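K.L.:
Need the 3D shape of this:
(chains A and B)
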Amino acid sequence: MKKRSQWPKLVLLFVAMALVAAACGGDDDAGAGGDTTTTAAAAPAATTTATTEAAPATTMAPEPTTTTAVEMQPCVASIGFIGPITGPVAFIGEVQLNWMQYAVDVFNEELSIDISIVEGDNQFDTAQSATLAAQFVDNADMVAAVGPAGSDNVDAAGAVFEDLDSDFSFVSPSSTRVGIAATYTGMFRTVPTDAEQGPTTADYMIAQGASKVFLIDDQSSYSTGLADSTTAALEAGGVEVVTESVSQDVTDFSALVSTIPDDADFVYLPWQVAANGQIFANQMAEQGKTIRIFGSDGMDSEDFTAAGSLVATFAPDIAGVAGSADLLAGFLAEYESTNTFGPPVFVAAQVIIEATYRVCMTGATPDRASVQAEIRNTDLADSILGSPVSFTSDGDLAGGQFFISEIQEDGTKKIAG
Amino acid sequence: MEFFLQQTVNGLTLGSVYALLALGYSMVYGILKLLNFAHGEVYMFGAFAGYGVLTVLGGASAPLVPIWLMILLMFLAAIVVSSTIGVTLERFAYRPLRNSTRIAPLISAVGASFFLQAAALLLFTANSRTYDAPKLIAIQTGIPIGPIRVWMVRVLVIVTSFTLMILLTLWVNRTRTGKAVRAVSYDREAAAMMGIDVDKVIVVTFLIGSALAGVGGVMVGLVFGRVFHLMGFVAGLKAFTAAVVGGIGSIPGAMFGGLLIGFAEAYTTGYLSSTFQNLIVFGLLIVVLLVRPRGLFGRQELVKV
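P.N.:
Sure, this is the predicted structure:
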């Protein structure tokens, strides 16, 4: 009898291993590892998450002991989270959700309060953001929310919040479009605006002696807005700006790379998909182009590691903030990795939780109006970002600033300006 | 001249991948008159299979086997995964609807596309992966062509694509199964009456078309780097356009259409602006459909009256 070949079985086994490896292999995006709580990919419905983990002590929370004579009621409330937990930029949402969870764990323990999270996965989709906003307003236990990420989604959710309940506060940890906070009564943000990023970027290039910059936007409102403000600042400084535009749905930029003028001093990429920035850098190297790449805050990720390149960041690398070392270590012990999008979420959650706590301290039951009033009064002398936090009358971060980092040979970043 | 040469190489690389993908659309349409909208996702799974092998074998930074073997295994894994998915789709999503209305398998194909996208999201998450091919084959390696140097990975992609296209042409024209495929594509009922196992021919067609898509997926991973669960959509759309421009159902048409779209994209970006890239590509589609509705290589349908 003819012996059956074992090859088909071996091949199938190998392929199965390959797919498992692809699923388990390291992500490009600086996504969070660890035990994230997740929601169904396509479900706009919010999911309540119980907070369980004990957290390391932090010195940034207000002292739970107080001199007030009012007897404090049990401080119980829920706060929402709107972010892209799944979808094209899930690497942002996952890290943000982890930091949100971490902040709640930390402050629940520090302040002996009972804050729970209601997760909302907007998949970076404006329609989902609007749906989630309506759901959140409908949730009587919810006092405020963190998010959304991205100005388009803030617009979508903000309009619903404003329309249904302007007392509902939402603190965005990554929306940078100029003027958006002034549009919505309940909006606050813990990151600076593009009004700072564009000029900061342009000033740096001008200081480096740039006379020509090749700018490529990614056809999103984030990118074109930032491109406009940077172009204006560069041209005001006498720099010639050559503009191009490319969708982030593609991964072949080689034809575009060929058009980069040899006399350009910088290639400016205000993009949101950092992995595409790395592909762009590789394709530049392939064609022998050595012009320095300057990425916006969207490129500030472990995915973009082209040595010598620069990126703008709306928050510093907190590994360099001495006062944040314990918090960062506690976070990494639980979630393994982080990126720039995470710590501003911690601050956003902190702002809401402490506002809620202050309301509780008066003996009142926290509601949306009282929490919003307390958020306006926020005045943190220090934060995990290494800087104070308070808000302008519009809800923008007071005194916010961008940083310029240079990527080193080993992939780490060093503040350059 | 240097600029023109560079854009030609860029267009040739991209066009080669589009051509491989377009072949799958065209072959399936040729025998079933079905637009397999899930073909882009089959290509995406091929790219992930290649990434999986890369990871299992130590990654681009520390490969455990010789690089040529690593790449060969990546291609093989992609072929097995993609062709398995392709054949499974045919068996469960299309075959039950073969004698249904024309629109039913089309809707099924759209559904299969979304199903595979969601499956990839659950399996691989939304985070993109990078082959990191420059660590596997240094960017400095390449073949000088006049004033430019073509990276070895691009050479590999172009040579592999053209080799596969030639082999496919020979297979279709010279082998018994290839002739059966052509016969089914001309007239399925007549082919069945002549003793050809139509089901088997259809399965073989899906298998080969999907295998080519899998190879395309690994090529894209190698040359452009990033693989993610939505990568099949745009590539599939462009390849479908290429198949229609070339004449859907025509194998040489799919090859020519793929290359044409690749060159159109590269030259548009180079000489006009990348903003106009899609405008030109889809404008080309409209012009071809207006002037020659059956595509550049499509054959005239004869209808008995």
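
K.L.:
For A:Val76, list each beta-bridge partner.
P.N.:
A:Asp114 (DSSP bridges).

K.L.:
Thought A:Asp114 was touching it, still the case?
P.N.:
Yes. Using CB atoms under 8 Å, A:Val76 is in contact with A:Asp114, at 4.5 Å. To be clear about C-beta, it is placed using only N, CA and C from the backbone, and glycine gets the same treatment.

K.L.:
which residues in the stretch 1-150 of chain A form strands?
P.N.:
Secondary structure of the stretch 1-150 of chain A, counting by DSSP state E, counting those that start in this stretch: strands at A:47-49, A:76-83, A:114-121, A:142-146.

K.L.:
What of the stretch 151-300 of chain B?
P.N.:
Along the stretch 151-300 of chain B, counting by DSSP E, counting those that start in this stretch, strands occupy B:226-227.

K.L.:
re earlier: any chance of CSV for the strands of the stretch 1-150 of chain A, columns mean pLDDT?
P.N.:
Below are these laid out as CSV (pLDDT from 0 to 100):
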stretch, mean pLDDT
strand A:47-49, 52
strand A:76-83, 96
strand A:114-121, 95
strand A:142-146, 97
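
K.L.:
Show the backbone phi and psi for the residue nearest the centre of chain A.
P.N.:
Compute the mean C-alpha point of chain A, and by CA atoms, centre = their mean the closest residue is A:Phe341, 2.9 Å away. Backbone torsions of A:Phe341, given as degrees, to the nearest 10, read phi -70, psi -10.

K.L.:
B:Ile143 too?
P.N.:
With angles defined as degrees, to the nearest 10, B:Ile143 sits at phi -110, psi 120.

K.L.:
quick one: it from chain A, how far?
P.N.:
Applying CB to the nearest CB, to the nearest Å, the value for B:Ile143 to chain A is 13 Å.

K.L.:
By residue count, tell me the biggest helix in the chain.
P.N.:
Here I'm looking at chain A. When chain A is parsed with DSSP state H, its longest helix is helix A:90-111.

K.L.:
sorry, should have said chain B
P.N.:
In chain B, with assignment by DSSP H, the single longest helix is helix B:2-32.

K.L.:
Please name the nearest non-neighbouring residue to the closest residue to chain B within the stretch 51-200 of chain A.
P.N.:
Per CB to the nearest CB, A:Ala90 is where the stretch 51-200 of chain A lies closest to chain B, at 3.4 Å. Leaving aside its chain neighbours, A:Ala90 sits nearest to B:Ala126 (3.4 Å; criterion: CB to CB, 6 or more residues apart in numbering or on different chains).

K.L.:
and that neighbour, what helix or strand is that in?
P.N.:
Per DSSP states H and E, B:Ala126 falls between elements, in no helix or strand.

K.L.:
show me the contacts for it.
P.N.:
A:86-91, B:228-229 (CB atoms under 8 Å, 6 or more residues apart in numbering or on different chains).

K.L.:
For PyMOL, what selects the buried ones among these?
P.N.:
Command for PyMOL that selects the buried part of these, burial taken from 16 or more other CB atoms under 10 Å in any protein chain shown:
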select buried, (chain A and resi 86+87+88+89+90+91) or (chain B and resi 228+229)
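
K.L.:
Helices along the stretch 51-200 of chain B, start to end?
P.N.:
B:67-89, B:103-124, B:133-136, B:152-174, B:176-186, B:188-193, B:198-224 (DSSP state H, counting those that start in this stretch).

K.L.:
re earlier: would you check that the residue of the stretch 51-200 of chain A closest to chain B makes contact with A:Pro84?
P.N.:
Yes. Between A:Ala90 and A:Pro84 a contact is recorded at 5.9 Å, counting by CB under 8 Å.

K.L.:
Would stretch A:247-265 count as contacting chain B?
P.N.:
Yes. Stretch A:247-265 is in contact with chain B by CB under 8 Å from any CB of the partner chain, via A:247, A:249-252, A:254-256, A:258-259.

K.L.:
List phi and psi for the closest residue to A:Ala130 other than its chain neighbours.
P.N.:
Nearest non-adjacent residue to A:Ala130, counting by CB to CB, 6+ apart: A:Ala156, 4.6 Å away. Dihedral pair for A:Ala156: phi -60, psi -50, per degrees, to the nearest 10.

K.L.:
how close does A:Ala156 sit to A:Thr126?
P.N.:
Counting by CB to CB, to the nearest Å, the separation of A:Ala156 from A:Thr126 is 4 Å.

K.L.:
So between those two, which is more surrounded?
P.N.:
Counted by other CB atoms under 10 Å in any protein chain shown, A:Ala156 and A:Thr126 do not tie: A:Ala156 has more neighbours, with 22 against 17.

K.L.:
Helices along the stretch 201-305 of chain B, start to end?
P.N.:
B:231-246, B:251-271, B:277-291.

K.L.:
buried ones in the second one?
P.N.:
By 16+ other CB under 10 Å, the buried positions in helix B:251-271 come out as B:251-270.

K.L.:
Where does pLDDT dip in chain A?
P.N.:
Within chain A, the stretches with pLDDT under 70 are A:1-73, A:88, A:417.

K.L.:
Quick check: residues of the stretch 201-305 of chain B near chain A?
P.N.:
Within the stretch 201-305 of chain B, the residues that sit near chain A (CB under 8 Å from any CB) are B:220, B:223-226, B:228, B:230-231, B:233-234, B:265-270, B:273-275, B:278.

K.L.:
again with the stretch 1-150 of chain B
P.N.:
B:3, B:6-7, B:10-11, B:13-14, B:48-53, B:55-56, B:73, B:76-77, B:80-81, B:84, B:118, B:121-130, B:134, B:139, B:148-149.

K.L.:
hang on, the earlier thing: which ones are touching the residue nearest to the centre of chain A?
P.N.:
For A:Phe341, the contact set (CB under 8 Å, 6+ apart) comprises A:92, A:95-96, A:149, A:173-174.

K.L.:
Only whichever of the residues of stretch A:247-265 next to chain B are buried, select them in ChimeraX.
P.N.:
The following ChimeraX line selects those of the residues of stretch A:247-265 next to chain B that are buried, judged by 16+ other CB under 10 Å:
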select /A:249,250,251,252,254,255,256,258,259
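
K.L.:
Just the residues of stretch A:247-265 next to chain B: which are in helices?
P.N.:
Using DSSP H, the residues of stretch A:247-265 next to chain B in helices are A:254-256, A:258.

K.L.:
Which residue, neighbours along the chain excluded, lies closest to A:Asn185?
P.N.:
One correction, residue A:185 is Thr, not Asn. With CB to CB, 6+ apart as the criterion, A:Thr185 has its nearest non-adjacent residue at 4.2 Å, and that residue is A:Ser166.

K.L.:
Can you give me the neighbour number for that neighbour?
P.N.:
A:Ser166: 14 surrounding residues under other CB under 10 Å.

K.L.:
Count the residues that sit near the closest residue to B:Val204 other than its chain neighbours.
P.N.:
Spatially, and ignoring its direct neighbours in sequence, B:Val204 is nearest to B:Thr177 (6.0 Å; CB to CB, 6+ apart). Per other CB under 10 Å, the neighbour tally for B:Thr177 reads 15.

K.L.:
Give the full set of residues in contact with B:Thr177.
P.N.:
B:Thr177 is in contact with B:171, B:201, B:204, counting by CB under 8 Å, 6+ apart.

K.L.:
B:Arg226 too?
P.N.:
So B:Arg226 contacts A:28, A:251, A:275-276, A:279, B:128-130 (CB under 8 Å, 6+ apart).

K.L.:
Same list (these) but as CSV, adding distance to B:Pro105.
P.N.:
Listed next are these as CSV, based on distance: CB to CB, whole Å:
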residue, distance to B:Pro105
A:Asp28, 36
A:Thr251, 30
A:Ala275, 35
A:Asn276, 35
A:Ile279, 36
B:Ser128, 31
B:Arg129, 32
B:Thr130, 36
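
K.L.:
Farthest-apart pair in those residues, please.
P.N.:
Spanning the widest gap among the contacts of B:Arg226 are A:Asn276 and B:Arg129, at 13.2 Å by CB to CB.
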